[in-house]
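Enquirer: could you work out the structure for the sequence below:
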Amino acid sequence: MEGVLVTGTAQADLEGECARCLEDLHDDIVADFQELFVYDGSEAGEDEASRLEGDLLDLEPLLRDAVVLSLPFQPLCRDDCPGLCIECGARLADDPGHQHEEPIDPRWAALQGLTEETEEATGRKPGLIEE
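Expert: Prediction:
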């Protein structure tokens with residue numbers, strides 16, 4: 001008998017936000033744990049072993065480690081969450097057809113101004129040939 005073997009299951013409420021769309025998450029997680037708490041005079045596994053303090057043992061670090069290790073690295077509201085629009089931040093799950101106009105290349109932006117001036121001066125779009 002080297003000590004007391006503690007085996008159990010911890011259940012905790014998970015509250016956070018989706019890593020893609022930032023919606024609130026509420027879920028339950030279950031973590032299994034097992035740890036040997038050695039007696040004070042025992043030399044078994046001295047370096048890394050958890051120790052009994054008299055007749056008491058501290059489960060807090062054990063439970064905390066088990067729960068933290070069972071948390072998802074990137075929690076998602078659902079597996080196929082589309083996330084947010086990279087241009088305006090709109091939630092894509094609420095508006096699946098969300099689109100923006102094609103961005104104008106900044107190198108050609110000055111020509112856009114010339115096109116608008118030509119339309120105003122001639123009353124027609126440039127490049128159109130009237131017969």
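
Enquirer: phi and psi next, for Phe5.
Expert: Actually, residue 5 is Leu rather than Phe. Dihedral angles of Leu5 (phi, psi; degrees, to the nearest 10) stand at phi -90, psi 120.

Enquirer: need phi/psi at the residue nearest to it when sequence neighbours are not counted.
Expert: Spatially, and ignoring its direct neighbours in sequence, Leu5 is nearest to Leu36 (5.2 Å; CB to CB, 6 or more residues apart in numbering). Quick note: C-beta positions are derived from backbone N, CA and C, even for glycine. Dihedral angles of Leu36 (phi, psi; degrees, to the nearest 10) stand at phi -100, psi 120.

Enquirer: assess the claim that Leu36 and Ser50 are in contact.
Expert: Yes: the criterion here is CB atoms under 8 Å, and Leu36 meets it with Ser50 at 7.1 Å.

Enquirer: give me the more crowded residue out of the two.
Expert: Ser50 (18 against 14; other CB atoms under 10 Å).

Enquirer: residue contacts, that one?
Expert: Counting by CB atoms under 8 Å, 6 or more residues apart in numbering, Ser50 touches Glu35, Leu36, Phe37, Val38, Leu57, Asp58, Pro61, Leu62.

Enquirer: of those, buried ones?
Expert: Neighbour counting over the contacts of Ser50 (16 or more other CB atoms under 10 Å) leaves Glu35, Phe37, Val38, Leu62 as the buried ones.

Enquirer: quick one: the strands in this protein, in order.
Expert: Under the criterion DSSP state E, the chain contains strands at 3-17, 24-38, 50-51.
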